[in-house]
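1. A predicted structure for the sequence below; I have some questions about it.
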Amino acid sequence: MPTIQQLSPSVVNKIAAGEVIERPASVVKELLENSVDAGATRIDVTLEKGGSELIRIADDGCGIAADQLLLAVASHATSKIQTADDLFSVATLGFRGEALASIAEVSRLILRSRTAEAENGAELEVIGGAARPVAPAGCPIGTTLEIRNLFYNTPVRHKFLRTAQTEAGHSIEAVTRLALAHPQIHFTLAHNGRLLYDLPPESGLRGRVAAFFGRDLADDLIEIRSDSDGVSVSGFVANPMHNRSHARMQYLFLNGRAIRDRSLQHALGEAYRGLILTGRQPICFLRLDMPAALVDVNVHPTKQEVRFQDSGRLYSQLLGTLRTKFLTTDLSARGAAPRAAASYSENEADAAVDGRSQLVEWAKQQLGQQPNAQLGSAANSTGTSASEPLQLHRFEAPAFRPFDIGRNAAQGDVLATRFDRPHNPNRGDQDRFADEGSTPPQALQVHNRYLVVETNAGIEVIDQHALHERILYEQLRNRILAGTIESQRLLVPEPVDLSAAEAAAVLEQAELLARLGVEVQPFGGDTILVSSYPAMLANMSPAEVLRELVEKLVTGSRSPEARDMFDELLHMIACKAAVKFGDRLTQEEIDSLLAQRHLAQDTHHCPHGRPTALVFTREELDRQFQRI
Ligand code: ADP
Ligand code: MG
């Protein structure tokens, strides 16, 4: 018979730690929240080795009295709430009383603090959950927490830590969120003895955005403000010309707390519909302020997700505010020509701007015709829109001809010509075509996305993007293995502003990037100079190429193995360089694409594993038509 036992406090704390302390950044987040709750006006963050060796957070907040130090690290002990009713009016970032106890259980923690009333400070050391006696200590008013050797006694967690750079990146993100949410607080952040940020108090968000993400973005922010029944939405969204492939730059702050909310992200996406291309994500820095009673923050251990009493109304308020704002803002005016990248011809740059302003015009007309008509129905808490989906592909910017045969052929890069002629046209997949010979059969392009081909067996429907991507991926991999990747040297190297974590990651991986044809060097601060990049990405600017790669380098990669990362980057390049789903192809391009099928080892799957072609056999067709 199994016997039931009460778990020891130590085990309970370890379980709690498992929930809230996933990595050094979780500690940084919890400690920063405590400092904010303590009314700090300045918070200094120091990390060593990505935080796994040391996290020190010093604040000038209210401090903790010496006789309360032990309680501060006890589980379920908090100064922030007293009764269950208080849970419905939480005005602080913390309230669970678990963070310090959890952290102390899995590290060596030193807590040093002094209140304004006390003449001296006091210090408490806890090692793996075992507290030493409280001792007097000389220290300024406020609290300093030092966390060393995180996870030293939980080897499994320790094993899952990534490189110091990656872990530092997560901590920087935690600081970024808090610093954006509380611009009035002075923050500093140092890693391995290097001061990454020194952010003096600001009256608003814009300065903080500039500090973290560069002037370019900060200058193109659009201010938002709306108040409705005690609920206010304020802050900034970015001009649509600034967008990302991920939603990580959608910052939402609810009563000073960074949250994620799918429904609100959806509202944001809806507001930008037609203003940015499909698959891209808008950027925002938005504050939601409302009475604490209108939201339940006690639904998630790290409180990153919350439950709104009326999420439908909030959805409508956000979407309506953004739509109205976009209608009255000239979004195209700031959309300057894409930087003078060596790869752009004047005409292409103009076409891009034209395309963008057409798109903006079109979107405005659409909005104009149906002012707030759909707001009510569009709003629902599941995050799906009830409004009729707009036909996005109709107004996307005209597609570039990425590998314009004439132009790039002149650069002598075989890959750069959109589709190469096969070296041996009678090999491989060719044999499967009904029309055997030195040229592939005529194929029909349908809906600008599929190629329909007659084969001996029946008919084949090919996904043009997936096939081209696969071919490019394999060619690229072979060329990189052979060390013959074509890169394009820029006449004038292009400076790219990154975040500190991104810049560090780029420099750390400079060698890997060089093998991909991207040459980078430091340019002071968090700016990186790109001096060359792959010729096959000539349809992107050097800055775009670097940003795409950075996303993979910093947190995108699910696998820390260098080889896998490399593979991911190859996928990305192949995907960017391939003809798009929706691109109209000339007959020559279609022929050329089909002729190259045999060059790829696996033409049946794109690098993401989707099929590139579907086969409908003659028998199947005959059967369907009841001929057999
Ligand atoms: P919670 O924040 O949920 O109350 P914590 O475990 O994070 O729980 O902190 C426990 C208590 O320790 C807090 O309620 C607060 O009273 C005190 N405390 C923690 N950090 C600080 C700090 N930096 N300054 C002042 N008091 C603090
Ligand atoms: Mg706390």
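-> Cool, the structure landed. Numbers count the residues shown, from 1 in each chain. Ligands and ions are numbered 1, 2, ... in the order given.
2. Show the backbone phi and psi for whichever residue of the stretch 501-628 of the chain sits closest to ligand 2.
-> Here the residue of the stretch 501-628 of the chain nearest ligand 2 is residue 501; by C-beta to the ion that distance is 24.1 Å. C-beta coordinates here come from the backbone N, C-alpha and C atoms, glycine included. When read as degrees, to the nearest 10, the backbone of residue 501 gives phi -70, psi -40.
3. do the same with residue 579
-> Main-chain torsions, residue 579, degrees, to the nearest 10: phi -60, psi 150.
4. Please give the element, helix or strand, for the residue found closest to it once you drop the neighbours it is linked to in the chain.
-> Distances taken as C-beta to C-beta, 6 or more residues apart in numbering put residue 468 closest to residue 579, at 5.1 Å, once the chain neighbours are dropped. Assigned by DSSP states H and E, residue 468 belongs to helix 464-481.
5. What lies in contact with the helix or strand immediately after that helix in the chain?
-> The C-terminal neighbour of helix 464-481 among helices and strands, as given by DSSP H and E, is strand 487-497. Residues from elsewhere that reach strand 487-497, judged by C-beta atoms under 8 Å, 6 or more residues apart in numbering: 213-216, 339-343, 411, 517-519, 521, 523, 526-535, 538, 541-543, 546-547.
6. Quick one, which of these are buried?
-> Buried members of the contacts of strand 487-497, scored by 16 or more other C-beta atoms under 10 Å, are 213-214, 341-343, 517-519, 523, 526, 528-535, 538, 541-543, 546-547.
7. can you tell me which of those are in strands?
-> Among these, the members found in strands (DSSP state E) are 519, 528, 529, 530, 531, 532, 533, 534.
8. Is the third one bridged to anything, and to what?
-> When bridges are called by DSSP bridges, residue 529 pairs up with residue 495, residue 521.
9. I figured it hits residue 520, correct?
-> Yes - counting by C-beta atoms under 8 Å, residue 529 does reach residue 520; the two are 6.6 Å apart.
10. give me the residue from the stretch 1-150 of the chain nearest ligand 1.
-> residue 94 (2.4 Å; C-beta to the nearest ligand atom).
11. Tell me which residues of the helix or strand where residue 619 lies come out buried.
-> Using DSSP H and E, residue 619 falls within helix 618-624. Residues of helix 618-624 include none that count as buried (16+ other C-beta under 10 Å).
12. can you list contacts of that helix?
-> 457, 458, 459, 628.
13. and residue 36, that one's in a helix?
-> Yes - under DSSP: H, G, I helix; E, B strand; the rest coil, residue 36 falls within a helix.
14. residues near it, how many?
-> Residues near residue 36, counting by other C-beta atoms under 10 Å, number 21.
15. so what's it up against?
-> With contact set as C-beta under 8 Å, 6+ apart, residue 36 has these partners: 43, 93, 178, 182, 185, 256.
16. Okay, and which of those map to helices?
-> residue 178 (DSSP state H).
17. from the contacts of residue 36, which is closest to ligand 2?
-> residue 93 (6.8 Å).
18. got the contact list for the closest one?
-> By C-beta under 8 Å, 6+ apart, residue 93 lies in contact with 33, 34, 36, 37, 256, 257, 303.
19. Please tell me how far the residue nearest to the second one when sequence neighbours are not counted sits from residue 110.
-> So the one you mean is residue 34. Computed as C-beta to C-beta, 6+ apart, the closest residue to residue 34 that is not its neighbour in sequence is residue 94, at 6.0 Å. Using C-beta to C-beta, to the nearest Å, we find residue 94 at a distance of 20 Å from residue 110.
20. so what pLDDT did the closest residue to ligand 2 within the chain get?
-> Proximity of the chain to ligand 2 (C-beta to the ion) peaks at residue 94, 2.9 Å away. We have a pLDDT of 90 for residue 94.
21. you'd agree it is up against residue 77?
-> No - using C-beta under 8 Å, residue 94 is not in contact with residue 77, being 11.4 Å away.
22. count of neighbours near residue 6?
-> With other C-beta under 10 Å as criterion, residue 6 counts 7.
23. Check for me that it belongs to a helix.
-> No - counting by three-state DSSP, residue 6 is not found in a helix; it is coil.
24. per-residue confidence at it?
-> 92.
25. of all the residues in the stretch 1-150 of the chain, which ones are close to ligand 1?
-> Applying C-beta under 6 Å from any ligand atom, we find that the stretch 1-150 of the chain lies next to ligand 1 at 30, 34-35, 38, 59, 61-64, 72, 78-80, 94-101, 143.
26. same thing but at 8 Å, please
-> Contact residues, the stretch 1-150 of the chain versus ligand 1 (C-beta under 8 Å from any ligand atom): 30-31, 33-35, 37-38, 40, 57, 59, 61-64, 68, 71-73, 77-81, 92-103, 111, 113, 142-143, 145.
27. Give me the PyMOL select line for those residues, limited to the buried ones.
-> The following PyMOL line selects those of these that are buried, judged by 16+ other C-beta under 10 Å:
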select buried, resi 30+31+33+34+35+37+38+40+57+59+61+62+63+64+68+72+73+78+79+81+92+93+94+95+96+97+98+99+100+101+102+103+111+113+142+143+145
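28. All the helices of the stretch 501-628 of the chain, in order from the start?
-> For the stretch 501-628 of the chain, the helices defined by DSSP state H, counting those that start in this stretch cover 510-515, 542-551, 562-577, 587-595, 618-624.
29. Show me which residues of the stretch 1-150 of the chain are close to ligand 2?
-> Within the stretch 1-150 of the chain, the positions near ligand 2 by C-beta under 5 Å from the ion are 34, 94, 99.
30. residue contacts, the second one?
-> I take that to be residue 94. Shown in contact with residue 94 (C-beta under 8 Å, 6+ apart): 30, 33, 34, 37, 78, 80.
31. does residue 590 really touch residue 446, like I thought?
-> No - taking contacts as C-beta under 8 Å, residue 590 lies outside contact range of residue 446: 11.2 Å.
32. Where does pLDDT dip in the protein?
-> Low-confidence segments of the chain (pLDDT under 70): 332-441, 555-566, 599-610.
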